[in-house]
Every structure is written in C-alpha cells, then in structure tokens.
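Participant: okay, sequence plus prediction incoming.
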Amino acid sequence: MITLCLAAALSFASFDDDPAAKQVELKKGDKILFFGDSLTALAVKDKNVPEGKGYVPLVREALKERGVEVDAVATGGHKVTDLLKRVDADVIARKPTYVVIQIGVNDASKGVTPDEFRAQLLELIGKLQAGGASVIQCSCTCRIEGYDLANEKGMDAKLDALADVARGIAKDKNLPLVDLRKAFRDYWKEHNPENKPKGFLTYDGNHWTEVGHQYVKEQMMKKFK
C-alpha cells in the first residue's frame with residue numbers, strides 16, 4: 001500500500017511539474033493577447049483562410065460567453081527581438097491579463113542560436129511579468145511540414161532546438177506551455193507519414209490552413225479552464 005501511494009504521489013508530482021499540463025483559470029473581464037509573428041497575424045486575416053476561421057477569432061468565439069476579451073498583436077517576419085521592441089507600447093500598455101507568446105520559426109530561419117533565443121525570450125517574459133501580465137509560452141511549429149532532420153538545410157533540427165528552449169523556460173519559470181511543435185509532429189505521424197512538405201496543417205509549409213487554425217485553437221484552449 002505504501003509503495004502504491006508513493007508511486008501515485010510521484011506520478012502526480014510529475015504531472016504537476018509538466019508545463020504542458022498547466023492551465024490558467026479564466027474569470028470574467030480577463031484579457032488574453034496572442035503575441036507573435038505572421039502565424040498569429042494571419043489568424044486575424046488571411047486570404048487563404050475563411051474570415052473568422054483563424055485561431056484567434058476561434059478562441060475569441062469560444063470564450064465570448066465567459067466575458068473574456070481576446071485579441072492579437074502580431075506582424076509577419078517578426079522574431080523575439082522585434083517583440084521586445086514593441087512590447088511596452090503595443091502589449092503592456094493594453095494591460096492584458098494573459099499574454100500567449102507564439103514565436104520562433106523566423107528566429108530559426110534567421111539563424112538565432114538557442115542561447116540567443118533563450119536570453120531574448122527570458123527578457124521578453126520578464127518585461128511582460130513586470131508589466132502585470134501572466135505569460136503562456138508556445139513552442140514553434142514548422143517551416144516545412146513533415147519531419148526530416150535533413151530538410152531545408154536542417155531546419156527541423158533548428159526548430160527542435162528552439163522548441164526545446166521554450167519548453168525549458170516554461171519549466172524553469174513555471175509557465176503553462178502550448179507545445180505546438182509536439183502537437184504538429186503528432187499530427188503528421190498520423191496524417192502525413194510520407195513527410196509531404198505542405199497541405200496538411202499548412203498551405204505553404206509554414207502558414208496554417210483552416211484545418212491548421214482549428215487544430216491550433218484546440219491546443220490553445222487546453223490551457224484555459
């Protein structure tokens with residue numbers, strides 16, 4: 001009996017320490033801001049996606065009856081350094097309750113190293129927390145669909161490295177984590193076993209289709225209770 005109780009306690013502790021399992025409890029009047037790059041900007045408006053079917057309006061609709069405000073601050077091509085430049089005026093000034101950081105693909109593409117990414121992300125999180133916002137961290141997604149460590153000059157390896165940084169920071173800082181990188185890879189294992197470069201969650205290997213946005217919305221909603 002003692003052994004069983006100990007095993008259960010250890011299992012619970014492991015679950016509780018997992019940033020991907022953490023949730024936030026929303027209340028009426030909370031404000032959620034999704035802060036990121038083109039993946040979030042195109043969740044608001046994208047000619048390739050029906051109006052209102054990006055993940056931001058989908059989350060907004062899902063939380064509307066709870067009195068929670070949902071919006072986005074995002075620009076195509078942005079990296080963490082760009083988010084740092086605008087965080088005070090465009091995010092903290094709006095006094096969000098929660099900020100969901102969605103970033104990393106452009107950083108990987110531009111050669112930002114894991115150490116640089118870690119330092120920049122920690123600075124951004126520190127600014128947001130000092131400004132009164134609670135942070136929810138996302139891992140990056142993809143430049144090409146499927147998974148091949150040799151693709152596009154090793155882009156998957158670069159994305160994996162930055163995703164690991166995001167996971168580590170979430171664990172160290174006790175932040176909820178939306179592990180989009182893992183979620184996308186899990187999806188491809190089932191739906192894209194041939195590692196085709198697009199047409200599953202993206203229309204170009206990077207930017208999300210209506211199906212992709214619905215899938216991302218589902219991952220985001222897992223953080224809220």
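Facilitator: Now that the structure is in, tell me what you want to look at. Residues are numbered from 1 along each chain as shown.
Participant: and Val100, what element?
Facilitator: strand 98-102 (DSSP states H and E).
Participant: what's that strand packed up against?
Facilitator: Under the contact definition 3 or more C-beta pairs under 8 Å, 6 or more residues apart in numbering; DSSP states H and E, strand 98-102 sits against strand 31-36, helix 114-130, strand 134-138. All C-beta spots, glycine's among them, are computed from the backbone N, C-alpha and C.
Participant: of the ones you listed, which approaches Glu65 most closely?
Facilitator: strand 31-36 (14.7 Å; C-beta to C-beta).
Participant: quick check: Val99 vs Gly54, distance?
Facilitator: Distance, Val99 to Gly54, by C-beta to C-beta, to the nearest Å: 18 Å.
Participant: picking up where we left off before, in JSON lines: the helices and strands packed on strand 98-102, plus mean neighbour count.
Facilitator: Formatted as JSON lines, the helices and strands packed on strand 98-102 follow (neighbours: other C-beta atoms under 10 Å):
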{"stretch": "strand 31-36", "mean neighbour count": "24"}
{"stretch": "helix 114-130", "mean neighbour count": "17"}
{"stretch": "strand 134-138", "mean neighbour count": "23"}
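Participant: want to throw the ones you listed into CSV with distance to Val49 and mean pLDDT?
Facilitator: Formatted as CSV, the helices and strands packed on strand 98-102 follow (distance: least, C-beta to C-beta, whole Å; pLDDT from 0 to 100):
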stretch, distance to Val49, mean pLDDT
strand 31-36, 15, 98
helix 114-130, 27, 98
strand 134-138, 19, 98
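Participant: take the ones you listed and lay them out in CSV including distance to Ala150.
Facilitator: Putting the helices and strands packed on strand 98-102 into CSV (distance: least, C-beta to C-beta, whole Å) gives the following:
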stretch, distance to Ala150
strand 31-36, 28
helix 114-130, 20
strand 134-138, 26
